[in-house]
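**Student:** build me a structure from this.
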Amino acid sequence: MNKVIVKLFTLDEFEKEENWLNEMSENGMELIKAGFIWYTFRPREKGKYQYKIMFYDKAKSGPEWDDFMEILSESGIEVVSRYFNWLYLKKENDGTPFQMFNTVREELTHVNKIKKLSAALLILESVRLVMEIASMMISGHIALTVPTVMVALVWLLVFKVNRGLKKVSDRLAQQTDIYQ
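**Tutor:** Down below sits the predicted model:
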């Protein structure tokens, strides 16, 4: 019987999310679908699969996508679910680490793509927050309203995500410097 679990991870917590998915696999649960905050699992042999999450910033159709899918398939990797540009990948657990990148530099490039998305969101939310505050000042109603609070909370969340991604990026950059 399928089990749906509601759990929230932010963009900067993709490694934490991967670890959780792999723990679920170790507990005998196979991921069959993932979305914004929900995950659907079914019972399976404990530790049968390993999971990775990848941000894919290219078109999800056409020759480039087909080539990417073929490479994954030849590597024994399956796309379990797609949520916007996030791919939830699985492969059978053969006892070796599930690596999507050959080098730390490639992984850093991947994280930097996520950082660019997050930075764009931060700019968008900053503009929304400034507009909300300006609207309050112009109208003369300086009291906090629900929309203002919501915009401020989203801005804080996106700011937190940006800081978290910077930490991941800095850690990977340090590893890149070590291996040069």
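**Student:** where in the protein is pLDDT low?
**Tutor:** Applying pLDDT under 70 to the chain flags residues 142-144, 177-180.
**Student:** show me the strands in it, by range?
**Tutor:** 3-6, 29-34, 38-43, 49-55, 77-83, 86-92 (DSSP state E).
**Student:** relative to residue 11, how far out is residue 157?
**Tutor:** 10 Å (C-beta to C-beta, to the nearest Å). (Glycine included, C-beta is placed from N, CA and C.)
**Student:** what's the answer for residue 94, then?
**Tutor:** Distance from residue 94 to residue 11, by C-beta to C-beta: 29 Å.
**Student:** for the two, indicate the residue with more neighbours.
**Tutor:** Set side by side, residue 94 and residue 11 show more neighbours around residue 11, with 20 against 9, by other C-beta atoms under 10 Å.
**Student:** identify the residues contacting that one.
**Tutor:** 114, 117, 118, 161, 164, 165 (C-beta atoms under 8 Å, 6 or more residues apart in numbering).
**Student:** hmm, 10 Å instead?
**Tutor:** 17, 55, 86, 114-115, 117-118, 121, 157-158, 160-162, 164-165 (C-beta atoms under 10 Å, 6 or more residues apart in numbering).
**Student:** not counting its neighbours along the chain, what's nearest it?
**Tutor:** The shortest distance from residue 11 to any non-neighbouring residue, by C-beta to C-beta, 6 or more residues apart in numbering, is to residue 161 (4.8 Å).
**Student:** that neighbour: neighbouring residues, count only.
**Tutor:** 21.
**Student:** likewise residue 71?
**Tutor:** 10.
**Student:** could you do residue 168 as well?
**Tutor:** 19.
**Student:** that one reaches residue 115, doesn't it?
**Tutor:** Yes - between residue 168 and residue 115 there is a contact under C-beta atoms under 10 Å: 8.6 Å.
**Student:** common neighbours of the two, please.
**Tutor:** residue 12.
**Student:** quick one on the thing from earlier: the strands of the chain: which one's closest to residue 22?
**Tutor:** Comparison of the strands of the chain against residue 22 by C-beta to C-beta identifies strand 49-55 as nearest, at 5.6 Å.
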